[in-house]
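Trainee: Take this sequence and fold it.
(one chain, ligands or ions: 2)
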Amino acid sequence: MHILAQITVDEILTLLDEHHLLIRSQFDNSQQRFQSIAYNSKVVSKGCLFFCKGNFRAEYLADAQKRGATGYVSEQEYGHVTIPGIIVSNIQKAMSLLSAAFFGFPQNNLPTIAYTGTKGKTTSAYFTKSILDRMYDKKVGLFSTINTVVGDRPEDVTKSSLTTPESLDLFTNMNRVVQNGMTHLVMEVSSQAYKKNRVYNLHYDIGVFLNISPDHIGRNEHPTFADYLHCKEQLLVNSRTCVINADSDHMVDVYYAAKATSQPEDIFVYHRKGSTKNPELPEDFMYESLADSLTENIIEISAVSPKAHRLGIDGTYHISIPGDYNEGNAVAAAITSGLMKADKKAIAYGLSHTVVPGRMEIYPTHEHGTVYVDYAHNYGSLHAVLDFLKQQSPAGKVIVITGSTGDKGIDRREGLGKAINESANVAYLTTDDPATEDPKVIADEIAAHIDQKRIAVQYIADRKTAISRAIEASHPGDVVVVAGKGHDAFQKINGQNVPYQGDAPIVSKLVKGL
Ligand SMILES: CC(=O)N[C@H]1[C@@H](OP(=O)(O)OP(=O)(O)OC[C@H]2O[C@@H](n3ccc(=O)[nH]c3=O)[C@H](O)[C@@H]2O)O[C@H](CO)[C@@H](O)[C@@H]1O[C@H](C)C(=O)N[C@@H](C)C(=O)N[C@H](CCC(=O)O)C(=O)O
Ligand SMILES: Nc1ncnc2c1ncn2[C@@H]1O[C@H](COP(=O)(O)OP(=O)(O)OP(=O)(O)O)[C@@H](O)[C@H]1O
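Mentor: Numbering: from 1, shown residues only. Ligands and ions are numbered 1, 2, ... in the order given. The predicted structure is shown next:
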């Protein structure tokens, strides 16, 4: 049972006013306290402070009052209820601030590492948790796209619905992590998290910027790339120590965002040996690949600057997941773990024992191609995977099974078509998470960017059938890449989460005996 901080209305109003969020309050009793907080009326209990946010309807507040709410926070007043309200200028910021305060600002007792970037957040977070689990006896919380881990018991691991949870859920879980005696937290921070103020006023001990390339641009997400970049840079603005991958575009902008609030000695920049690093960026760590085949992924990390040498993490490391693009993820994890006082032994163990569900899972067959289940779902990631696998199996065909999301990430369709056009020989287009769109229309938009004189393209609506047909049509030496869903247990169709076996379980069953 977590201990609820008993903040009073007076403390709430003071906090909101400090952040210029308070418009007015209808409360008479400044010493009133609350037993719980919620933004969904269906879970309200007696003594709850209710937040009216998102696509909100007045009847939800009436429902909350009926269920025992004794106050609400909202951007507008509702006359149809008798409970008092606190009117604020931004409900998302207010909910983030008050959720943290309600649990006594759990982040103050929890060293936290946060990852952002277009690609690699989940992989890097898993690498880091694996290292810190080894160093700190598994007392490491995790908020990731795949799982949420709030303790070291099996019941403390649940599937996530968002990469970065809504603020109230985030601080509820952070409080659980602290109450469960965990000593560290690793989390992913999506650009959407800043767009929706899910992490407003949250500061991190270490913030990591992995890379950035156009993604999540379009309706429901970011109107422009500049907005996408700005949201992602906020992570470093809110981090005491920053770790930056110099081998990505826009890294000078990112570096200056880090410098806005961190001293140079608290900013660590790493890059691949031989890459052309922007001279404006300092050099703290360099890494090179000693092997990057399907069976061996080995890197050498070298400190360059004095502050990097002081971390004492130089060395050669085996990485458990193939893919040259995972080398940068592993370096980021090694540096952040070193900053959290992990030693080289823990780093070596963690990097060589990490398993990330749905990322580069390999399924060999006897009479067909080798099947790879991966989460790639935009140009940057699909290109990285196909390019790497094509190098590993030059004699075979590259066969891709993919679709794309509906109602968001519209720009991914062209990128997926482009990646297939550059590196594949056969494409089976199918259903991913079409939301309210027609999956065939999405597939046609991907196909429009594929040269069908060179590449065989076909559309099969049912994802499991498409995967099965592709594997059966493949031959030894071919590479079959099932991209975009990994272990996702749902397909988002027309606002419903339709149960789905998951690419990996489907492939695992199909390849038995093949
Ligand atoms: C656009 C967006 O991000 N929307 C998120 C937002 O929804 P919302 O608050 O705006 O809208 P809503 O949930 O319909 O709001 C209705 C409100 O009425 C309440 N309600 C509803 C019914 C009722 O009976 N009583 C009641 O009180 C609901 O609890 C809710 O508070 O808050 C919800 C949680 O409360 C999220 O589930 C939802 O994410 C949607 C599903 C989503 O797809 N988000 C994506 C875009 C996202 O955030 N992606 C990033 C990863 C992408 C990246 O890498 O950038 C992520 O972090 O996952
Ligand atoms: N550093 C990287 N650069 C390019 N592609 C990458 C990188 N790391 C991983 N990938 C590819 O992107 C896919 C997704 O990786 P991962 O889930 O770690 O990233 P993510 O940032 O969490 O993605 P998302 O935001 O979509 O959840 C992987 O399956 C792989 O194909």
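Trainee: Can you tell me which residues in the stretch 301-450 of the chain are near ligand 1?
Mentor: Counting by Cβ under 6 Å from any ligand atom, the residues of the stretch 301-450 of the chain close to ligand 1 are residue 408. (Each C-beta comes from the backbone N, C-alpha and C, glycine too.)
Trainee: what does the stretch 101-250 of the chain give?
Mentor: Residues of the stretch 101-250 of the chain lying near ligand 1 (Cβ under 6 Å from any ligand atom): 162, 163, 164, 166, 190, 191, 192, 193, 196, 216, 220, 221.
Trainee: Reduced to three states, what does the residue of the stretch 401-514 of the chain at minimum distance from ligand 1 come out as?
Mentor: The stretch 401-514 of the chain approaches ligand 1 most closely through residue 408 (5.7 Å), counting by Cβ to the nearest ligand atom. The three-state label given to residue 408 by DSSP: H, G, I helix; E, B strand; the rest coil is coil.
Trainee: same thing with residue 481?
Mentor: Counting by three-state DSSP, the backbone at residue 481 sits in strand.
Trainee: so where do the helices sit in the stretch 201-350 of the chain?
Mentor: Under the criterion DSSP state H, counting those that start in this stretch, the stretch 201-350 of the chain contains helices at 225-237, 251-259, 306-309, 325-339, 344-352.
Trainee: Save the ones you listed as TSV, and put in mean neighbour count too.
Mentor: Converted to TSV, those look like this (neighbours: other Cβ atoms under 10 Å):
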stretch	mean neighbour count
helix 225-237	20
helix 251-259	19
helix 306-309	15
helix 325-339	27
helix 344-352	20
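Trainee: List the contacts of residue 215.
Mentor: The contact partners of residue 215, by Cβ atoms under 8 Å, 6 or more residues apart in numbering, come to 118, 228, 378, 380, 409, 411, 412.
Trainee: pLDDT score for it?
Mentor: Residue 215 carries a pLDDT value of 76.
Trainee: separation between it and residue 366?
Mentor: 38 Å (Cβ to Cβ, to the nearest Å).
Trainee: Residue 124 - how many residues pack around it?
Mentor: Residues near residue 124, counting by other Cβ atoms under 10 Å, number 31.
Trainee: For the nearest residue to it once chain neighbours are set aside, give me the pLDDT.
Mentor: If the residues on either side of it in the chain are set aside, residue 124 comes closest to residue 329, at 4.3 Å by Cβ to Cβ, 6 or more residues apart in numbering. Residue 329 carries a pLDDT value of 97.
Trainee: and stretch 332-352, average pLDDT?
Mentor: 98.
Trainee: thinking again about what came up before, mind putting the helices of the stretch 201-350 of the chain into TSV with distance to ligand 2?
Mentor: Putting those into TSV (distance: least, Cβ to the nearest ligand atom, whole Å) gives the following:
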stretch	distance to ligand 2
helix 225-237	11
helix 251-259	14
helix 306-309	21
helix 325-339	4
helix 344-352	14
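Trainee: Residue 145 belongs to a strand, doesn't it?
Mentor: No. Counting by three-state DSSP, residue 145 falls outside a strand, being coil.
Trainee: List the residues that contact it.
Mentor: When contacts are counted by Cβ under 8 Å, 6+ apart, residue 145 touches 121, 122, 160, 162, 163, 188.
Trainee: near ligand 2, which of those residues show up?
Mentor: Restricting the contacts of residue 145 to those near ligand 2 - Cβ under 6 Å from any ligand atom - leaves 121, 122, 163, 188.
Trainee: Secondary structure class of the second one, three-state.
Mentor: Here residue 122 is recorded as helix under three-state DSSP.
Trainee: Over to the third one?
Mentor: Secondary structure of residue 163, reduced to three states by three-state DSSP: coil.
Trainee: just checking, residue 110 touches residue 173?
Mentor: No. Counting by Cβ atoms under 8 Å, residue 110 does not reach residue 173; the two are 11.0 Å apart.
Trainee: More neighbours: the two, which one.
Mentor: Shown here are residue 110 and residue 173; by other Cβ under 10 Å, residue 173 has more neighbours (23 against 17).
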